[in-house]
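>>> task: produce atomic coordinates for the following.
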Amino acid sequence: AEHTVSELRSWTDHDLEALGRLTEPMAYDATTDRYRRIGWDEAFATVARHLQALPSPDEAIFYTSGRTSNEAAFLYQLFVREYGTNNFPDCSNMCHEPSGSGLRPTIGVGKGTVTLADFEQADCILVFGQNPGTNHPRMLGELRAARKRGAKIISFNPLRERGLERFADPQNAMEMATLGDSPISSHYFQLQVGGNFALLMGMCKRVVERGLLDHDFIREHTHGFDAFLASVQAQPWEPLVAASGLTRAQIEQAADLYAGSERVIACWGMGITQHRHSVATIQMIVNLLLLRGNLGRPGAGACPVRGHSNVQGDRTMGIYEKPPAAFLDRLGEVFGFEPPRAHGVDTVGAIEAMLAGRGKVFIAMGGNFAAATPDTAATWRALRQCELTVHITTKFNRSHVVHGRQALVLPVLGRTEIDLQASGPHGVTVED
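Next up is the predicted model:
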């Protein structure tokens, strides 16, 4: 309230968040270009008035961040579907949507198949398109422990990322005192950007050529192997080498390291999912694992490494613009209403709808939509065309200064905070 929104817009993202915790509902006042404090009754009435005035529920868009707990996500999707739409863009659209799309048809589940305990048993960990040092620092401890006990860590990345080479553990007093560190990657292959599919096809080809297949596993747990085998055998090496950016010898070395291991985990991040042909690339990762039975047993499996810690949990709770019919049937049966059946919009669809005037109300359960989405300029234009934008959040961020004609910012507790109610302490969960 002390600063105009125009002034706040010139601040850095760091400085916006440094304003501290929000404790009261805030509404944008166009006459003063400031947010002002309002009561909860006024906030709820404003949201209700705008939603009830829309000719169609599909003109409202409901975004979900991975910071949302399971319980909040379930209630959120129930509220929105009772309102009448499946417009659920979420942060998964901007990270591991291709992982779910690639994994479901191949292994029947759109999520990883390993736990942290599997990292303690793996003797080889493949890392594709991921920089744990910057984006998944918690994972560095597991990689460090695996390397110390002798596991191979094979990294595939166009750049030599420091976090994939060596790691100084801030919880290790000796390393901190001596400025020491520990090696991470045992092998590092610098392929060209977008070259992962060709690399993986080449690795599969090498494993097939050497006959290092788990025939019992393939026979009992896979289908379509003969067609896959024929495609691999018919694939010439030259295009694979050209597209991967690696030499044939390097691809064969990577494949030999994989085939010489008993328990292999394959990890991947945005360097896979946010490139063209990402779904096909993820399915080729699975094919590589299946060739030697590296799924469904301890120390082996597929690991799409997520950034926000409950992206998958939100999907499990029903935050999805294309919900399966069985889920909607059960939801309607339990809660006594007819859920909407038409598919809603994802993140890109939501931006397009707002730009076209088909999306008039935008409500965000956490996150920073204006900063996280692709095509920043288009996203900002889209949000500014809305009749109302509502952000449910703990602190101020960029999205709150890129707002609709009316705007609300509503404070909440973070999911890890103590929530003391008259009935005692309350808690929420996330998907492990």
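
>>> tell me which other helices or strands whichever strand or helix holds Arg138 touches.
Element membership of Arg138, judged by DSSP states H and E, is helix 137-148. On a contact count with 3 or more CB pairs under 8 Å, 6 or more residues apart in numbering; DSSP states H and E, helix 137-148 meets helix 116-119, strand 124-128, helix 132-135, strand 152-156, strand 166-167, strand 182-183. All C-beta atoms are positioned from the backbone trio N, CA, C, and that covers glycine.

>>> hey, where'd the strands end up in the stretch 201-350 of the chain?
Using DSSP state E, counting those that start in this stretch, the strands of the stretch 201-350 of the chain run over residues 264-268, 301-304.

>>> out of those strands, which is the most enclosed?
strand 264-268 (a mean of 27; mean count of other CB atoms under 10 Å).

>>> tell me the angle of that strand relative to strand 124-128?
20 degrees (axes from the mean of the first three to the mean of the last three CA atoms, to 10 degrees).

>>> for strand 264-268, what is the average pLDDT?
For strand 264-268, the mean pLDDT works out to 96.

>>> what helices and strands are in contact with it?
Secondary elements touching strand 264-268 (3+ CB pairs under 8 Å, 6+ apart): strand 124-128, helix 278-291, strand 301-304.

>>> could the ones you listed go into TSV alongside mean pLDDT and distance to Thr46?
Putting the helices and strands packed on strand 264-268 into TSV (pLDDT from 0 to 100; distance: least, CB to CB, whole Å) gives the following:
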stretch	mean pLDDT	distance to Thr46
strand 124-128	95	46
helix 278-291	96	40
strand 301-304	94	39
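
>>> closest one to Glu24 among these?
Between Glu24 and the helices and strands packed on strand 264-268, the shortest separation by CB to CB is 38.7 Å, and it involves strand 301-304.

>>> as CSV, could you dump the C-alpha coordinates of that closest one?
What follows is strand 301-304, C-alpha atoms only, in CSV (Å, rounded to 0.1, in the frame of the first residue of the first chain):
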residue,chain,number,x,y,z
GLY,A,301,13.9,-47.4,-12.7
ALA,A,302,12.8,-44.2,-14.2
CYS,A,303,13.1,-40.9,-12.4
PRO,A,304,11.7,-37.7,-13.8
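
>>> work out the sheet partners of that strand and label each with its direction, please.
strand 264-268 (parallel) (DSSP bridges).

>>> off-centre distance for the partner strand?
Its chain's average C-alpha position is 16 Å from that of strand 264-268, according to CA atoms, centre = their mean, to the nearest Å.

>>> pull the residues that contact that strand.
Defining contact as CB atoms under 8 Å, 6 or more residues apart in numbering, one finds that strand 264-268 is touched by 99, 114, 118-119, 122-130, 139, 258, 282, 285, 288-289, 292, 294, 299-305.

>>> wait, what's in contact with Tyr28?
Val5, Arg34, Tyr35, His403, Gln406, Ala407, Leu408.

>>> quick check: closest non-adjacent residue to it.
Ala407 (3.9 Å; CB to CB, 6 or more residues apart in numbering).

>>> what about the one you found, which helix or strand?
Going by DSSP H and E, Ala407 is part of strand 406-411.

>>> helices or strands up against that strand?
With 3+ CB pairs under 8 Å, 6+ apart as the test, strand 406-411 has strand 26-29, helix 40-53, strand 388-393 packed against it.

>>> circling back: and of the strands of the stretch 201-350 of the chain, who's closest to Asn93?
For Asn93, the closest of these is strand 301-304, at 14.3 Å, according to CB to CB.

>>> so Arg144 makes contact with Ile184?
Yes. With contact defined as CB atoms under 8 Å, Arg144 counts as touching Ile184 (6.5 Å).

>>> which one's more surrounded, those two?
For Arg144 versus Ile184, neighbours defined as other CB atoms under 10 Å are more numerous around Ile184 (24 against 20).

>>> OK, contacts around Val193?
Counted by CB under 8 Å, 6+ apart, Val193 has contacts Pro158, His275.

>>> offset the numbering so it begins at 128, please.
Got it, the first residue is 128 from now on, which makes the last one we talked about Val320.

>>> quick one: it is in a helix?
No. Going by DSSP: H, G, I helix; E, B strand; the rest coil, the assignment for Val320 is coil, not a helix.

>>> against Ala393, how distant is it?
19 Å (CB to CB, to the nearest Å).

>>> now Glu269: how far from Gly239?
13 Å.

>>> what do you get for Asp156?
To Gly239, Asp156 is 46 Å away according to CB to CB.

>>> so the two - more neighbours on which side?
Gly239 (21 against 15).

>>> list the residues that contact the nearest residue to that one once chain neighbours are set aside.
Nearest residue to Gly239 in three dimensions, chain neighbours excluded: Cys430, at 4.7 Å (CB to CB, 6+ apart). Shown in contact with Cys430 (CB under 8 Å, 6+ apart): Gly239, Thr240, Val241, Ile392, Ala393, Cys394, Trp395.

>>> closest one to Met481 out of these, please.
Nearest to Met481 among the contacts of Cys430 is Trp395, at 31.1 Å by CB to CB.

>>> got phi/psi on Cys218?
phi -70, psi -20 (degrees, to the nearest 10).

>>> what about it, distance to Ser436?
Using CB to CB, we find Cys218 at a distance of 11 Å from Ser436.

>>> could you pull out the helices in the stretch 378-527 of the chain for me?
In the stretch 378-527 of the chain, the helices defined using DSSP state H, counting those that start in this stretch lie at 397-400, 405-418, 438-443, 452-462, 474-482, 496-499, 503-511.
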